[in-house]
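Novice: Fold the following, please.
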Amino acid sequence: MLDTTALPESSLELRLELEYHELLEWKAQVGTWDTGWHDVESSSHLVGLIQAVRHDGDWLVVQSRHIDVTHYGRYAQAMSTGNGYHVEVAMVSGGTTNNWRIGLGPLADEAGNEPHTGVAPSQNLSLAAACEVMASWLNGHGLPLGYGAALHVYG
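Specialist: Residues are numbered from 1 along each chain as shown. Just a heads-up that it's a prediction; the model follows:
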């Protein structure tokens, strides 16, 4: 299983309470190891999962269970940049996916969201910010105040 030992971070002072309106599942890749799909157990489990993808190129996806079958739900993904996190959130409805690349402040709205491109400085989030954004999104609350997003639509 993925090592989810909590790492201390003094700026990680936020309320993370997952309200299970829907069942969530996660998958990560750490180095060359792919975890396969597992259930998200709690908000602290989610934080541990995000912390576990701490090396450059490691990634995590958390999504509505069976989104690939139902084609409806939400997902959030984080990839370690080596010195922060690249976070994207999305809503899937039928054949359309609205994907937002998240960053801090209004510059994030203009920073762009083209597949297979690097993140702008405003889109490189701290561990605390990645946790805050992913928990809020997966709870159905949208983005917390202070964050911006650049949209890319997949049809």
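Novice: Am I right that S136 is in contact with G142?
Specialist: Yes - taking contacts as C-beta atoms under 8 Å, S136 lies within contact range of G142: 6.7 Å. Every C-beta, even on glycine, is put in place using the N, C-alpha and C of the backbone.
Novice: Output the contacting helices and strands for the host helix or strand of G103.
Specialist: Element membership of G103, judged by DSSP states H and E, is strand 96-104. For strand 96-104, the packing partners by 3 or more C-beta pairs under 8 Å, 6 or more residues apart in numbering; DSSP states H and E come out as strand 85-93, strand 147-154.
Novice: could I get those strands as TSV with mean pLDDT?
Specialist: Shown next, in TSV, are the helices and strands packed on strand 96-104 (pLDDT from 0 to 100):
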stretch	mean pLDDT
strand 85-93	96
strand 147-154	95
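Novice: what stretches of the protein score poorly on pLDDT?
Specialist: 1-21 (pLDDT under 70).
Novice: re earlier: and S136 and G142? which has more neighbours close in?
Specialist: Using other C-beta atoms under 10 Å, the more surrounded residue of S136 and G142 is S136, with 20 against 13.
Novice: Leaving out the residues flanking it, which one is nearest to the more buried one?
Specialist: P144 (5.0 Å; C-beta to C-beta, 6 or more residues apart in numbering).
Novice: tally of neighbours for the one you found?
Specialist: Counted with other C-beta under 10 Å, the neighbours of P144 add up to 14.
Novice: What segments of the protein are strands?
Specialist: For the chain, applying DSSP state E gives strands covering 24-30, 33-34, 38-39, 59-64, 72-80, 85-93, 96-104, 147-154.
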